[in-house]
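> here are the coordinates; sequence isn't available:
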């Protein structure tokens, strides 16, 4: 029906337009509606965690490897940047680049160890490794200031803009986010990205066809680590402070939930998950300290009733609205 | 015993499978595999000539699939050698054997069930190319992969089902696609693991007809449980029993072999 | 030499406690193929419950019994109401146990507050056992004895009883066991409850030794993971050996190389993964 299709397109266009405007004008909307930077702050956090969620999604959603220690790369990146700035007094760009190199190096190191495991074993290994790094952050006091963490990281000047102004930093993060989103979108649709999906479906089949499965997994690991590293750099400049609790189990669980809630294996799903979790966490924390119970409950409900995440719910709703449902067709040639 | 394909198919680069100096396509040399105390494959030696279609038959537990797994590279033998096209591939990783020209199908259908038919074939098509490492161009911008996939689908009249998810297709069709996947890279040696497994007699007949149309330039090793299929398709037959070769000869000779008749066919 | 003996003893006793905790995890992993992230929560809650019970009724035994019963019931509830719904979906079940771990952790914080609680141990278990010029804390000896006792009982149950054989069958080959008439869901649930109770016992015992505090549940998990990786899925002997190794290595590591902390866990784990990914006694 032409009329229905045009109407649906209008709804879609309107929706994306609103989203676009909101993100583009966030600082102004924040002041107009709330008289403060609150919305800007939340969106900045969402974007940063969104990038981290994207990176975990590559491992979990596309390759099918559940990592419970992915936050470790964010932590390593944040810590390295902080150490370079606070202890070695390097410039922010140099510190950031070193952080990214160190993160890729860590992923390169951890990869061969963790990739010997699959499924639940992979989950255990990634967590154990994350705890090792946590332990280092905690005990290697000479480097990381241990329990005190490293603070006093301030945002630099970027050309004529001072990134100390949260509105400016927001746009900076938004820019980086869009670049990451674009790159990940390309990777996922590329032959390499499709090979990851094939590996998730059947490793043995891929191997027989001629794929060096381990190599593909390793590369994916490195790429995922890199993006988590990017998130880590943005993270430390946003908060200005990093300490061992950021490397504990709970933040890892939060990132995993962002991917699971948003929609593993979709491009934009993890970002939606990130937005939901960040906003929920901030709202909930304003009224009660019981954030973890709510997070746990969200987890339980998601797993039970929306295993494909919110993106799956959106898809189901769209199919219901269209009044159609995909039914598998049988082949006609005699079987 | 294959019927020649039409001219279009012959234009493919199906080079015969042989080694330097005319050595055979595949040679197994006292190949053995033990799992702890269990000797699944015992000193199996056999030779497959280029273009030959050889069936491996034997009762359940005879070691047929283990043998395949050794040849394909999913298992490392305990003893012995595997020489493919004159090259010792005994310890060569599974994926590298694909590069040498080996392809296999699985007894239990091993496809990408949540992907569409064409996506399965495209993954197979890019398997041996550098394309598979391409990060930035969408896979749809490589039309030659899709053309290859469609060409294979045309052979089994399934072009219209290209976007169907594998899991929504019937078992018989899945078995056919399983074979098409293995043919994507024009292999020298094709290992078929019980292609008619689980098919009804009617479906099996259609499968056999399809197999008969495979080019004779492909060397084929086929595990079959169904004796009539083995006799119909193969040039020669190897009989396996308790991990050992008890007979290895042409179809006619096997038909008349008393030992085979007793152990496998149960004739007194 | 004194140092070695003392540290070995410490490592042994820590390994004993770890065994109580990790054996349950390994058993659950063996029969349900999931890593029960709530396992730490059972340890934690049991410790707190025992602590509270003992404030009312000053009996160590009753505290342990009460905690075990409550945790056992909680475990059964989790399986029947939640885990069963996701039968076959290993990752989903794991994520649910993770969700519950968060809920339990926060509930514990809500009910018992943030200060550490130490369980009062019966007097005869306090103080040292003097052997020569060594002072071995009696409580640590008690821990080792309990671990040995429970370890023996578990082994006997598994290897010598019919029910144990049923459990082993379910771990080994679920489909076959089901085909043979074994009610696998009931077996799974029972093993899950047993594992939880083991963790609970560990929690009560550990509570007198390490004290119970928020975050302990998540702190123990990595250690248990290493034990399971070293020892192998579902293997009792593996859990015993793994706990021993981890207890000793961690203890010596903390004393000799305090700055490296968890790193000392890392090495045996990496080694095991490189040589034998299924662990010492693991099943595929």
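Received the coordinates, thanks. As the structure is a computational prediction, the values presented were derived from the model and not from experiment.
> quick one: low-confidence parts of the chain?
Just going to use chain A. A:1-8, A:323-335 (pLDDT under 70).
> Correction: the question concerned chain C.
Chain C contains residues with pLDDT under 70 at C:259-261, C:282-284.
> Can you point out the buried residues in the longest helix anywhere in chain C?
Of all segments of type helix in chain C, defined using DSSP state H, the longest is helix C:2-32. Under the neighbour-count criterion of 16 or more other CB atoms under 10 Å in any protein chain shown, helix C:2-32 has C:7, C:9-32 buried. From N, CA and C alone the C-beta is placed, and that goes for glycine too.
> same deal with stretch C:216-228?
Buried residues in stretch C:216-228, defined by neighbour count with 16+ other CB under 10 Å: C:216, C:217, C:218, C:220, C:221, C:222, C:223, C:224, C:225, C:226, C:227, C:228.
> Assumed residue B:220 was part of a helix.
No - applying DSSP: H, G, I helix; E, B strand; the rest coil, one finds residue B:220 to be strand, outside a helix.
> the strands in chain B, which residues?
For chain B, strands defined by DSSP state E occupy the ranges B:26-35, B:38-48, B:53-57, B:79-84, B:87-88, B:102-104, B:189-193, B:219-223, B:236-241, B:244-250.
> Just send these back as JSON lines, with distance to chain A too.
Written out in JSON lines, the entries for the strands of chain B read as follows (distance: least, CB to the nearest CB, whole Å):
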{"stretch": "strand B:26-35", "distance to chain A": "16"}
{"stretch": "strand B:38-48", "distance to chain A": "19"}
{"stretch": "strand B:53-57", "distance to chain A": "18"}
{"stretch": "strand B:79-84", "distance to chain A": "14"}
{"stretch": "strand B:87-88", "distance to chain A": "16"}
{"stretch": "strand B:102-104", "distance to chain A": "6"}
{"stretch": "strand B:189-193", "distance to chain A": "9"}
{"stretch": "strand B:219-223", "distance to chain A": "14"}
{"stretch": "strand B:236-241", "distance to chain A": "22"}
{"stretch": "strand B:244-250", "distance to chain A": "25"}
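> can you list these in TSV and add mean neighbour count?
Output for the strands of chain B, formatted as TSV (neighbours: other CB atoms under 10 Å in any protein chain shown):
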stretch	mean neighbour count
strand B:26-35	19
strand B:38-48	19
strand B:53-57	25
strand B:79-84	18
strand B:87-88	12
strand B:102-104	27
strand B:189-193	24
strand B:219-223	25
strand B:236-241	23
strand B:244-250	17
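> Quick one, which of the ones you listed gets closest to chain C.
Closest to chain C of those is strand B:26-35 (CB to the nearest CB; 11.7 Å).
> any bit of the closest one sitting next to chain C?
No - Strand B:26-35 lies out of reach of chain C by CB under 8 Å from any CB of the partner chain, never closer than 11.7 Å.
> From the chain's centroid, how far away is that strand?
Distance of strand B:26-35 from its chain centroid, counting by CA atoms, centre = their mean, to the nearest Å, is 18 Å.
> any idea which helix or strand carries the residue lying closest to residue A:292 once chain neighbours are set aside?
Nearest non-adjacent residue to residue A:292, counting by CB to CB, 6 or more residues apart in numbering or on different chains: residue C:106, 3.8 Å away. Using DSSP states H and E, residue C:106 maps to helix C:90-112.
> and the next element down the chain from the longest helix of chain C?
Taking DSSP H and E, what comes next after helix C:2-32 is helix C:39-56.
> which strands and helices sit next to the helix or strand following that following helix?
Toward the C-terminal end, the helix or strand that comes next after helix C:39-56 (DSSP H and E) is helix C:60-77. Here helix C:60-77 touches helix C:39-56, helix C:184-209, going by 3 or more CB pairs under 8 Å, 6 or more residues apart in numbering or on different chains; DSSP states H and E.
> mind checking which helix or strand of chain B has the lowest mean pLDDT?
Sorting the helices and strands of chain B by mean pLDDT, DSSP states H and E puts helix B:7-10 at the bottom, at a mean of 35.
> if we can go back for a sec, which strands border the helix or strand just after the helix holding residue C:106, and is each parallel or antiparallel?
As assigned by DSSP H and E, the chain's next helix or strand after helix C:90-112 is strand C:128-131. Strand pairing for strand C:128-131, using DSSP bridges, gives strand C:134-137 (antiparallel).
> buried ones in the partner strand?
For strand C:134-137, by 16+ other CB under 10 Å, it's C:136, C:137.
> chain center to that strand, what's the gap?
Distance, centroid of strand C:134-137 to centroid of chain: 25 Å (CA atoms, centre = their mean).
> Buried ones in the next helix or strand after that strand, by neighbour count?
Next along the chain after strand C:134-137, taking DSSP H and E as the criterion, comes helix C:138-160. In terms of neighbour count (16+ other CB under 10 Å), helix C:138-160 has its buried residues at C:138-144, C:146-147, C:150-151, C:154, C:158.
> Let me know the angle separating helix C:138-160 from helix C:2-32.
Interaxial angle, helix C:138-160 versus helix C:2-32 (axes from the mean of the first three to the mean of the last three CA atoms, to 10 degrees): 40 degrees.
> Work out the gap between helix C:138-160 and the centre of the chain.
Relative to the centre of its chain, helix C:138-160 is centred 13 Å away, using CA atoms, centre = their mean.
> Identify the residues contacting the residue in the stretch 51-200 of chain A that chain B sits nearest to.
Of all residues in the stretch 51-200 of chain A, residue A:189 sits closest to chain B, at 4.1 Å by CB to the nearest CB. Contacts for residue A:189 (CB atoms under 8 Å, 6 or more residues apart in numbering or on different chains) come out as B:138, B:139, B:140.
> at 7 Å what do you get?
B:138, B:139 (CB atoms under 7 Å, 6 or more residues apart in numbering or on different chains).
> And for residue 51, nearest residue in space, chain neighbours not counted?
This is for chain A. Closest to residue A:51 by CB to CB, 6+ apart is residue A:231, at 4.2 Å.
> That was the other one, I meant chain C.
In space, and not counting its chain neighbours, residue C:51 is closest to residue C:117: 4.8 Å by CB to CB, 6+ apart.
> I'd guessed the one you found sits against residue C:208; true?
No - the pair residue C:117 / residue C:208 is not scored as a contact, 10.6 Å apart, by CB atoms under 7 Å.
> quick one: residue C:169 and residue C:197, what's the gap?
Look at residue C:169 and residue C:197: by CB to CB, to the nearest Å, they are 22 Å apart.
> Same question for residue B:63.
46 Å.
> now swap in residue C:232 and tell me
22 Å.
> Near residue 55, how many residues? Count them for me, please.
You didn't say which chain, so I picked chain A. Neighbour count of residue A:55, defined by other CB atoms under 10 Å in any protein chain shown: 28.
> meant chain C, my bad for not saying
Using other CB under 10 Å, residue C:55 has 11 other residues around it.
> for chain C, what are the nearby residues on chain A?
Applying CB under 7 Å from any CB of the partner chain, we find that chain A lies next to chain C at A:66, A:113, A:116-117, A:119-121, A:123-125, A:127-128, A:131-132, A:135, A:138-140, A:248-249, A:253, A:260, A:290, A:292-293, A:295-297, A:299-300, A:303-304, A:307.
> which stretches of the stretch 101-250 of chain B aren't confidently modelled?
Residue ranges of the stretch 101-250 of chain B with pLDDT under 70: none are present.
> Any idea which residue of it lies closest to chain A?
As assessed by CB to the nearest CB, chain A sits closest to residue B:168 within the stretch 101-250 of chain B, at 2.7 Å.
> Please say which of residue C:232 and residue C:197 ends up with more neighbours.
Between residue C:232 and residue C:197, residue C:232 has the larger neighbour count (other CB under 10 Å), namely 27 against 20.
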